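>>> predicted model and sequence below, questions to follow.
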Amino acid sequence: MGRLTQDEFDLGGRVALVTGGSRGIGRAVALALARHGASVAVASRKLESCESVAAEIEKAGGTASAHACHVGDPAAIASAFGEIDARYGRLDILVNNAATNPYYGPALEMDLAAWQKTVDVNIRGYFWCAIEAARRMARQGKGAIVNVASVNAFRPMDGQACYSMTKAAIVNMTQGLAKEWGRLGIRVNTLAPGIVETRFAAAIHQDDRLRSALERQVPLGRIAQPEEMAGAVVYLVSDAASYTTGSCLTVDGGWLA
């Protein structure tokens with residue numbers, strides 16, 4: 001039995017990168033990781049929004065930095081990781097959270113540009129961020145990656161065929177990378193949120209009729225708040241989950257039950 005004072009959720013001394021960290025689930029996760037002691041690199045397309053979250057963390061006594069990074073652009077990914085190297089000299093945690101869903105409607109009416117953007121951000125972006133992170137983590141012999149997917153990976157919602165397809169790909173990607181990188185000391189897991197009240201999902205939760213219909217299908221009877229996703233991520237990147245890799249943790253109020 002270890003020391004009773006040991007905190008398996010303590011992330012002190014670790015550096016975390018959260019993509020899409022300026023708002024919604026990403027912001028909530030960035031704040032939670034900082035509360036548990038991690039230095040947090042907050043990344044998203046708009047630097048000013050990242051700076052706001054980083055300032056919020058530092059005002060509370062944490063350590064944070066802001067980085068402009070459009071994960072649909074491989075050059076931007078490389079640049080952001082270079083900035084993290086220069087500032088921290090290491091990376092212990094990656095939360096792949098930045099995603100896009102530019103089209104909501106019938107698959108037959110989706111144009112190629114919207115399809116390509118969805119795939120570039122949600123699949124290629126996640127994959128290359130994971131590759132960049134793993135290169136650094138492998139040198140340390142330890143690291144943790146969480147890929148944020150969606151319950152749509154398992155039960156696509158009407159009008160979200162392409163988005164759901166990319167989220168299913170993320171679950172599969174997680175499993176493949178977990179198998180390859182376990183020997184390197186790198187754990188890779190998926191978080192699958194249900195419907196969360198964020199600007200990203202505004203088309204769903206701001207439609208009163210649709211929202212009510214969806215809430216009736218959730219055993220807990222409501223849509224989640226972003227902060228309710230953060231604890232799951234803290235667990236997955238912490239030592240409390242030291243034997244957890246290749247898994248998908250669903251946080252959906254019972255939606256898939």
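Arrived safely.
>>> residues making contact with stretch 230-242?
Applying CB atoms under 8 Å, 6 or more residues apart in numbering, the contact partners of stretch 230-242 are 8-11, 16, 25, 28-29, 31-33, 36, 93, 95, 144, 146, 187, 189, 191, 244, 249, 251. Backbone N, C-alpha and C define where each C-beta goes, glycine included.
>>> of the residues you listed, buried ones?
11, 16, 25, 28-29, 31-33, 36, 93, 95, 144, 146, 187, 189, 191, 244, 249, 251 (16 or more other CB atoms under 10 Å).
>>> if we can go back for a sec, quick one: which of the contacts of stretch 230-242 sit in helices?
25, 28-29, 31-33 (DSSP state H).
>>> hang on, the earlier thing: filter the contacts of stretch 230-242 down to the ones in strands?
Residues of the contacts of stretch 230-242 located in strands (DSSP state E): 16, 93, 95, 144, 146, 187, 189, 191, 249, 251.
>>> need the distance between the two termini of stretch 83-101.
Start to finish, the residues bounding stretch 83-101 are 28 Å apart (CA to CA, to the nearest Å).
>>> leaving out sequence neighbours, find the closest residue to Met110.
Spatially, and ignoring its direct neighbours in sequence, Met110 is nearest to Tyr103 (5.1 Å; CB to CB, 6 or more residues apart in numbering).
>>> cool, Met173 as well?
That would be Phe127: by CB to CB, 6+ apart, it lies 6.2 Å from Met173.
>>> which stretches of the chain form helices?
For the chain, applying DSSP H gives helices covering 24-35, 47-59, 74-88, 112-119, 126-140, 161-181, 202-205, 208-217, 227-237.
>>> CA atoms only for the first one - export them in CSV, please.
Right, helix 24-35. Presented in CSV, the C-alpha positions along helix 24-35 are these (Å, rounded to 0.1, in the frame of the first residue of the first chain):
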residue,chain,number,x,y,z
GLY,A,24,-16.2,25.0,-24.5
ILE,A,25,-14.8,21.6,-23.5
GLY,A,26,-11.3,22.6,-24.3
ARG,A,27,-11.3,25.6,-22.0
ALA,A,28,-12.9,23.5,-19.2
VAL,A,29,-10.2,20.9,-19.6
ALA,A,30,-7.4,23.4,-19.7
LEU,A,31,-8.6,24.9,-16.4
ALA,A,32,-8.9,21.5,-14.8
LEU,A,33,-5.5,20.4,-15.8
ALA,A,34,-4.0,23.6,-14.4
ARG,A,35,-5.9,23.1,-11.1
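>>> many thanks, we can stop here.
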